[in-house]
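> need coordinates for the below:
(one chain, ligands or ions: 2)
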Amino acid sequence: MAHHAADQNQDHDFELIDLSPFFATPGAGGDLAVAKEKEAAIRRIREACSDSGMFLIVNHGIPVEALDETLAVAREFFAGPDEEKLKWSPRPPEPGAASTLPMGYVNQAAVESARNNSEVFRMGPTGSGPGSTVYPTNPTRFREIMERTFGYFVKTVAPLIETLINDALGLPPDLLHQYNSERQWDILLAYHYFKATENKKVGSFPHKDPNLFTVVLQDDVGGLEFLRGDGRWIPVSPVPHSLVLNIGDVIEVLSNGEFKSVAHRVVSSREKDRYSLAFGYQIGGKKWVEPFAELTGQSSKAMNKFKGFHYNELLQLLGEMYKPNLDPNDAFAVMEVINHYALPD
Ligand SMILES: O=C(O)CCC(=O)C(=O)O
Ligand SMILES: [Fe+2]
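Ligands and ions are numbered 1, 2, ... in the order given. All right, here's what the predicted structure looks like:
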């Protein structure tokens, strides 16, 4: 991996990419320099996605005050009494809902104690179809702040990242965007990880995300770790107002294994509770997922490293394996669910 001392995530090997060139006004002078910066950023994204499957972004288009307010309002909601929070607990998914994930408050510490030492508020799917979120009324600005942030992820950050991944893969311009034109159920998760106790140290078990990619906003506590190729878990030191971006299974398959869906986990802090937000960029459930022919040769599938599947099938498989009281020893199989579609060399 290339080294960019000034840009790296402090003492670690994670790329930190400044996206400001992509927001520069054309014709304002310095177009050539901006074009070069964009090219360099795309090159570094390519290296990061092929190597570690994740990178950090700054100047990503979400105002820093909005990020601060989002974490503050999440903290306020989670600080409320359990009875109040449980009022916003998930309803069973409605028939025909695109997502099977119930939206609302989940106290994972109570519901899934064998797995996580956390609680979560799930928001989505985007749009106002069945299964969309019922927001708490206290704090009163919860809905407004969360929907604004959700909007920034959906309309600003994710489309830019989608384009950058497209270009980093060397795909024809806009291909990934066109492929993903029917996307309609991104999700936003607000997490509260309790500080570790003697019996509960796991914030979240190791997993890979099934989606295209996930964007995480974390506070200054730390605990998010990524698995490197050599088997080491490397923590991501919090960088103020940065977002952490990780590749999910769908991009791994579409890119024919070029970009890596990366295993990650959250280790509870011994001193402090941790708050974070995770935005999952999805594709439609009926979407067919298969390596892009543009990357493997137009006429033959001989080079394909994965067989094709409908996205819903992957989610269903994951749902069947990912039981609330999952034995940690079985977690590895869940993490590698995508191997189900892997083809022999
Ligand atoms: O809270 C975090 O930092 C990570 C959350 C996560 O991995 C997820 O929602 O998939
Ligand atoms: Fe994740």
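
> outside of stretch 216-224, which residues touch it?
For stretch 216-224, contacts defined as CB atoms under 8 Å, 6 or more residues apart in numbering pick out 67, 70-71, 193, 203, 235-238, 240, 243-246, 264-269, 272-279. Just so you know, the C-beta spots here come from the backbone N, C-alpha and C atoms, and that holds for glycine as well.

> ignore the last one, stretch 172-182
By CB under 8 Å, 6+ apart, the residues outside stretch 172-182 that reach it are 159, 162-163, 165-167, 169, 212, 254, 283-284, 287, 292, 294.

> mind doing that once more with 7 Å?
By CB atoms under 7 Å, 6 or more residues apart in numbering, the residues outside stretch 172-182 that reach it are 162-163, 165-166, 283-284, 287, 294.

> need those in TSV with secondary structure, distance to ligand 1 and neighbour count, can you?
As requested, the contacts of stretch 172-182 are exported to TSV (DSSP: H, G, I helix; E, B strand; the rest coil; distance: CB to the nearest ligand atom, whole Å; neighbours: other CB atoms under 10 Å):
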residue	secondary structure	distance to ligand 1	neighbour count
Glu162	helix	18	20
Thr163	helix	23	16
Ile165	helix	18	23
Asn166	helix	22	22
Ile283	coil	16	25
Gly284	coil	20	16
Lys287	coil	20	17
Glu294	helix	29	14
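
> which two of these have the greatest separation?
Farthest apart among those by CB to CB are Gly284 and Glu294. That separation is 20.2 Å.

> show me which of the contacts of stretch 216-224 neighbour ligand 1.
With the criterion set as CB under 6 Å from any ligand atom, the members of the contacts of stretch 216-224 near ligand 1 are 264, 266, 276, 278.

> and those, which two are furthest apart?
By the measure CB to CB, these have their two most distant members at His264 and Ser276, which lie 11.7 Å apart.

> now for Gly257, how many residues are close by?
Residue crowding around Gly257 was assessed by other CB atoms under 10 Å; the count is 17.

> now it: how far from Val267?
Between Gly257 and Val267 the distance, using CB to CB, to the nearest Å, works out to 28 Å.

> tell me where the protein has strands.
Assignment of strands within the chain using DSSP state E yields the ranges 16-18, 54-58, 104-106, 118-123, 187-193, 202-207, 213-218, 224-227, 233-235, 243-247, 264-267, 274-281, 288-289, 309-310.

> and those strands, which is most packed in?
When you average the neighbours per residue for each of these (mean count of other CB atoms under 10 Å), strand 243-247 leads with a mean of 25.

> tell me what that strand is packed against?
In this structure, strand 243-247 makes packing contacts with strand 54-58, strand 213-218, judged by 3 or more CB pairs under 7 Å, 6 or more residues apart in numbering; DSSP states H and E.

> most centrally placed residue in this protein?
What sits nearest the mean C-alpha location of the chain, by CA atoms, centre = their mean, is Thr214, with 1.3 Å.

> now Met303, nearest residue through space, not along the chain?
Thr296 (4.3 Å; CB to CB, 6 or more residues apart in numbering).

> how many other residues sit next to the residue nearest to Glu294 when sequence neighbours are not counted?
On the basis of CB to CB, 6+ apart, the spatially nearest residue to Glu294 that is not a chain neighbour turns out to be Leu171, at 5.6 Å. Other residues within reach of Leu171 by the criterion other CB under 10 Å amount to 18.
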